[in-house]
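Visitor: Curious how this folds, go ahead:
(one chain, ligands or ions: 2)
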Amino acid sequence: MTTVFKFGGASIKDADAIRQLTPLIESHRDRPLVVVVSAMGKTTNKLEALLAAARDESRRDSYRERFEALKTEHHEAIESLFGDSADSPLERIDALFDELDAQHRKHRGSAYARHYDQTVCYGELLSTTIVAAWLNHCDIATDWQDARELVRTDNHYQAANLDWEATAETVRKRLANSERVTLTQGFIGGTTEGEATTLGREGSDFSAAIFAHCLDAREVVIWKDVTGLFNADPRRFDNAVQLEHISYAEATELAWHGAKVIHPKTLGPLQEKSIPLTVRSFETPEAAPTTIDAERRFDSDVASCILREDQVWLEVQPRDFSFMDEPRQHDILGRLVEAGLHANLVDSSAMRFVLCLDDKPERLEPLIESLQGDYEVARENDLTLLTVRHPGPGMMDALSEGRETLAERRNATTAQRLFYSQECPETWHIPD
Ligand SMILES: Nc1ncnc2c1ncn2[C@@H]1O[C@H](COP(=O)(O)OP(=O)(O)O)[C@@H](O)[C@H]1O
Ligand SMILES: N[C@@H](CC(=O)OP(=O)(O)O)C(=O)O
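Guide: Numbering: from 1, shown residues only. Ligands and ions are numbered 1, 2, ... in the order given. Below you'll find the predicted structure:
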């Protein structure tokens with residue numbers, strides 16, 4: 001049975017990090033292995049910035065500068081890894097950069113989302129080309145596969161929907177029983193027309209789950225710079241502790257509310273086939289991981305805290321003193337869906353409907369403009385949404401102390417409060 005590994009940007013951020021991969025893969029060579037890799041370090045953010053420059057006639061210099069900087073970073077990794085034998089991987093990388101440049105020229109006038117997918121996909125194409133060459137260089141026979149041909153999707157660019165049947169057929173045909181290590185890209189897929197698509201930011205975990213599902217894998221391992229999934233971001237909470245074992249459902253809740261470690265769509269395909277997921281550290285692979293499977297016994301053992309920053313609060317009110325009834329709510333949520341936005345908190349009363357959204361100006365501004373056509377819209381920026389799963393008594397109040405609460409919501413398992421970011425600390429502490 002196949003094992004699926006997923007390496008995120010941090011685990012391949014530079015040549016030294018890529019070297020660390022080799023023993024991890026080496027130690028699993030006795031069984032079929034599919035390795036799903038993200039773009040190096042923060043490449044996807046850099047490709048997004050490059051895209052913005054490419055679409056702005058007045059920023060040609062910035063485009064060229066960013067393009068060359070990205071090329072240099074990838075060249076440096078190759079030169080460090082391959083030394084005197086760098087010529088052939090360099091040629092392949094340069095060919096990909098030429099393609100990327102050509103895609104930008106071709107799609108400058110295309111819709112943003114389509115242009116995005118045809119160009120941002122290069123982060124993973126570049127990283128996997130380097131990692132495959134490195135593994136082969138280390139005598140680990142590796143097969144580079146193009147996920148644009150494997151992961152079949154519709155053309156809902158930036159959040160493509162999977163054609164599971166076609167994907168399963170292609171993946172099984174091309175990957176099952178491979179004697180070599182299969183190396184492929186996370187985050188990207190392709191349409192039957194041959195265009196690239198992406199599955200949503202941080203979607204490589206979902207890709208790993210797709211491959212695992214299609215191959216009936218025995219296990220998925222996500223390799224991280226942390227030893228597992230914690231009950232809060234250890235960089236932001238000084239007393240965060242690692243979760244040893246949680247269920248697919250609990251992990252989905254945490255991811256849905258914004259815990260950055262796993263993409264929320266990852267757990268569904270694994271749960272359907274009872275494929276366990278472990279989150280391990282590529283720096284200390286011997287450390288106890290977090291295991292995620294069907295067992296729900298430990299889900300509420302500790303409270304988990306999740307911060308979502310850069311939030312915007314919209315208060316929508318009818319102009320004519322009428323009720324914010326279901327048809328109106330339906331209308332507002334319909335516009336939200338059309339704008340491609342997701343509400344992180346929703347609250348309503350007789351004459352107001354409140355939404356807390358990620359601050360994505362390219363989507364948010366058209367939404368606000370559309371709402372203002374029919375409603376009064378008030379807005380607050382620079383907010384932080386705190387979500388706590390399984391909060392203990394008094395925990396939310398202790399976490400809110402000294403801060404004004406703009407909105408809040410609570411059900412049996414989850415509490416949320418919205419604060420002004422300027423009133424929030426850099427480092428939080430989870431109360432007992
Ligand atoms: N609940 C959590 N548990 C563990 N790490 C978390 C959690 N929330 C946020 N993180 C942060 O996620 C980081 C790893 O994610 P990320 O940098 O996106 O990895 P990659 O891009 O390599 O997949 C960790 O360094 C940690 O600071
Ligand atoms: N590179 C993509 C996909 C991804 O999943 O990345 P990471 O595994 O590094 O979070 C992104 O940054 O969105």
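Visitor: And ligand 1, is stretch 421-432 touching that?
Guide: No: figure legend: stretch 421-432 not in contact with ligand 1 (CB under 6 Å from any ligand atom); closest approach 11.7 Å. Placement of C-beta: from N, CA and C, glycine included.
Visitor: for that stretch, which positions count as buried?
Guide: Cys424, Trp428, Ile430 (16 or more other CB atoms under 10 Å).
Visitor: do the same with stretch 166-177
Guide: Buried-residue list, stretch 166-177, by 16+ other CB under 10 Å: Thr167, Ala168, Thr170, Val171, Leu175.
Visitor: Show me the contact partners of the helix or strand encompassing the third one.
Guide: Put plainly, it is Thr170. According to DSSP states H and E, Thr170 maps onto helix 164-175. Outside helix 164-175, the residues that touch it by CB atoms under 8 Å, 6 or more residues apart in numbering are 2, 34, 145, 149-152, 182, 189, 192, 210-211, 213-215.
Visitor: so how far is it off the chain centroid?
Guide: 23 Å (CA atoms, centre = their mean, to the nearest Å).
Visitor: For whichever helix or strand comes after that helix, name the packing helices and strands.
Guide: Moving toward the C-terminus from helix 164-175, the next helix or strand (DSSP H and E) is strand 181-185. For strand 181-185, the elements it packs on are strand 33-37, helix 122-137, strand 142-145, helix 147-150, helix 204-215, judged by 3 or more CB pairs under 8 Å, 6 or more residues apart in numbering; DSSP states H and E.
Visitor: Strand 181-185 and ligand 2, are they touching?
Guide: No: Strand 181-185 stays clear of ligand 2 (CB under 6 Å from any ligand atom), getting no nearer than 9.0 Å.
Visitor: Which strands border that strand, and is each parallel or antiparallel?
Guide: Strand pairing for strand 181-185, using DSSP bridges, gives strand 33-37 (parallel), strand 142-145 (parallel).
Visitor: if we can go back for a sec, TSV for the buried residues of stretch 166-177, including distance to Pro289 and pLDDT?
Guide: Shown next, in TSV, are those (distance: CB to CB, whole Å; pLDDT from 0 to 100):
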residue	distance to Pro289	pLDDT
Thr167	28	98
Ala168	28	98
Thr170	31	97
Val171	25	97
Leu175	25	92
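Visitor: contacting residues for whichever residue of the stretch 51-200 of the chain sits closest to ligand 2?
Guide: Residue of the stretch 51-200 of the chain nearest ligand 2, by CB to the nearest ligand atom: Phe187 (3.7 Å). Contacts for Phe187 (CB under 8 Å, 6+ apart) come out as Ser38, Ala39, Thr44, Cys121, Gly123, Glu124, Thr198, Leu199, Glu202, Gly203, Ser204, Ser207.
Visitor: give me that answer again for 6 Å
Guide: Residues near Phe187 by CB atoms under 6 Å, 6 or more residues apart in numbering: Glu124, Thr198, Leu199, Gly203, Ser204.
Visitor: Now the fourth one: closest residue in space, sequence neighbours ignored.
Guide: Think Gly203. Sequence neighbours aside, Phe187 is the residue nearest to Gly203 in space, at 4.5 Å (criterion: CB to CB, 6 or more residues apart in numbering).
Visitor: What does the residue of the stretch 51-200 of the chain closest to ligand 2 show for phi and psi?
Guide: phi 80, psi -20 (degrees, to the nearest 10).
Visitor: what does the protein put close to ligand 2?
Guide: So far as CB under 6 Å from any ligand atom goes, the chain lies against ligand 2 at Gly8, Gly9, Ser38, Ala39, Thr44, Gly123, Gly186, Phe187, Arg201, Glu202, Gly203, Ser204.
Visitor: The fourth one and Glu124 touch, don't they?
Guide: Yes: counting by CB atoms under 6 Å, Glu124 is a contact partner of Ala39 at 5.2 Å.
Visitor: Check the gap between Arg114 and Ala251 for me.
Guide: Per CB to CB, to the nearest Å, Arg114 is found 32 Å from Ala251.
Visitor: For the strand or helix carrying Leu383, the averaged confidence score.
Guide: Using DSSP H and E, Leu383 sits within strand 375-389. Over the span of strand 375-389, the pLDDT mean works out to 97.
Visitor: just checking, what packs against it?
Guide: strand 304-318, strand 414-420 (3 or more CB pairs under 6 Å, 6 or more residues apart in numbering; DSSP states H and E).
Visitor: Name the residues that touch that strand?
Guide: By CB under 6 Å, 6+ apart, strand 375-389 touches 257, 303-309, 311-317, 319, 344, 356, 368, 371, 414-419, 421, 424.
Visitor: Filter those residues down to the buried ones, PyMOL style.
Guide: Entered in PyMOL, the line below selects the buried ones among these, by 16+ other CB under 10 Å:
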select buried, resi 257+303+304+305+306+307+308+311+312+313+314+315+316+317+344+356+368+371+414+415+416+417+418+419+424
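Visitor: Next, name the residue at the spatial heart of this protein.
Guide: In the chain, the residue lying closest to the centroid (CA atoms, centre = their mean) is Glu202, at 1.5 Å.
Visitor: Which residue is the nearest non-sequential neighbour of it?
Guide: His263 (5.1 Å).
Visitor: pretty sure that neighbour is touching Ser207, no?
Guide: No: assessed by CB under 6 Å, His263 is found out of contact with Ser207, at 8.8 Å.
Visitor: Of the two, give the one with the bigger neighbour count.
Guide: The neighbour count for His263 versus Ser207, taken as other CB atoms under 10 Å, is higher for Ser207 (28 against 23).
Visitor: which of the contacts of helix 164-175 count as buried?
Guide: 2, 34, 145, 150-152, 182, 189, 210-211, 213-215.
Visitor: Please tabulate those residues in a markdown table, including the columns distance to Asp397 and pLDDT.
Guide: Shown next, in a markdown table, are the buried ones among the contacts of helix 164-175 (distance: CB to CB, whole Å; pLDDT from 0 to 100):
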| residue | distance to Asp397 | pLDDT |
| --- | --- | --- |
| Thr2 | 48 | 94 |
| Val34 | 47 | 97 |
| Gln145 | 52 | 97 |
| Leu150 | 50 | 98 |
| Val151 | 46 | 98 |
| Arg152 | 49 | 98 |
| Thr182 | 51 | 97 |
| Gly189 | 45 | 98 |
| Ile210 | 42 | 98 |
| Phe211 | 45 | 98 |
| His213 | 42 | 98 |
| Cys214 | 47 | 97 |
| Leu215 | 48 | 97 |
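Visitor: Nothing else from me, thank you.
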